[in-house]
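**Student:** got a sequence here, can you build the structure:
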Amino acid sequence: MNKKIWIAALLVTVMAVAAGCGSKPTAAPNQTQGAGTENNVTEVEGETITEPVTAEPEENTTPTESTEGGSEEATTTTPPSETSTEKPATSESNEKKTITVFYTDEEELELHKASAEISYASDDAKYKAAFESLQQSKDAKLVPLWSKEIELKSVQFKDGALTLDIHMPDTARLGAGGESYALDALKQTFFQFDEVKSLDLLVDGQQTESLMGHVDLEHPMTRSE
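**Tutor:** Below you'll find the predicted structure:
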């Protein structure tokens, strides 16, 4: 009886030892902590094989800050521009005046007067417009004694003294009678302005003895009483 018990105990011991040898412990997987890497552990026939697995980069899901008012787009309303119909005020207003201008006839026998309207914004502009009126005539029978070829270079007025500076080409020169009429026409045209007390005529900035070589030229010419 004791022999059977010992045999049974021996068998149990042998079976326990065999069972312990058949199941080997599985090694823990090596995990390397790093940015974006993981390890897969596979057991093949009692051996542990570690396979590195690369983790996909995480998507940045940081929400963008929305502007105040949710997803509604901010709109700027531009007020319609108003078109002004008012004309800008000018610092100087043009004044019109009718003056007397003097010409001659086709035979240069005498002076003839005519009316002309001038427009100006200052005294200097008034004298310039009066001189330009001497250079043109609306009547074919009235001949200007001052050619359009004559250039009025400057006008100066101070304390009743008017100074005109002209440039006169040779083609604008007249004979003795025409020169005399030209000076008379000039004086009578400008002395109709009450503020003009004297008139000096310069040629290219210089005082000359004669305008065209026939008649003496006074410096200045004065109003005859």
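**Student:** in the sheet, which residues pair with residue 199? Tell me.
**Tutor:** Here residue 199 sits in beta bridges with residue 162, residue 221, going by DSSP bridges.
**Student:** that one: what's it in contact with?
**Tutor:** Listed by Cβ atoms under 8 Å, 6 or more residues apart in numbering, the contact set of residue 199 reads 162, 163, 164, 186, 187, 190, 191, 220, 221, 222. In short, each C-beta sits where N, CA and C put it, glycine included.
**Student:** please pick the buried ones from those residues.
**Tutor:** Buried members of these, scored by 16 or more other Cβ atoms under 10 Å, are 162, 163, 164, 186, 187, 190, 191, 221.
**Student:** how about the strands in the protein?
**Tutor:** 37-44, 47-54, 95-104, 111-120, 151-158, 161-167, 198-203, 221-222 (DSSP state E).
**Student:** and the second one, what's its mean pLDDT?
**Tutor:** Going back to what we said before, that points to strand 47-54. On average, the pLDDT along strand 47-54 is 50.
**Student:** what ranges of this protein fall below the confidence cut-off?
**Tutor:** 1-4, 6, 14, 16-93, 225 (pLDDT under 70).
**Student:** list the contacts for the closest residue to residue 103 other than its chain neighbours?
**Tutor:** Nearest non-adjacent residue to residue 103, counting by Cβ to Cβ, 6 or more residues apart in numbering: residue 142, 3.9 Å away. The contact partners of residue 142, by Cβ under 8 Å, 6+ apart, come to 103, 104, 105, 112, 114.
**Student:** what would these look like in CSV with neighbour count?
**Tutor:** Shown next, in CSV, are those (neighbours: other Cβ atoms under 10 Å):
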residue, neighbour count
103, 21
104, 22
105, 13
112, 17
114, 15
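**Student:** between those residues, which sits nearest residue 207?
**Tutor:** residue 104 (25.7 Å; Cβ to Cβ).
**Student:** got a list of what that closest one touches?
**Tutor:** 110, 111, 112, 142, 143, 145, 178, 181, 185.
**Student:** residue 204 now?
**Tutor:** 153, 165, 166, 167.
**Student:** likewise for residue 99?
**Tutor:** Per Cβ under 8 Å, 6+ apart, neighbours of residue 99: 115, 116, 117, 118, 130, 133, 189, 192.
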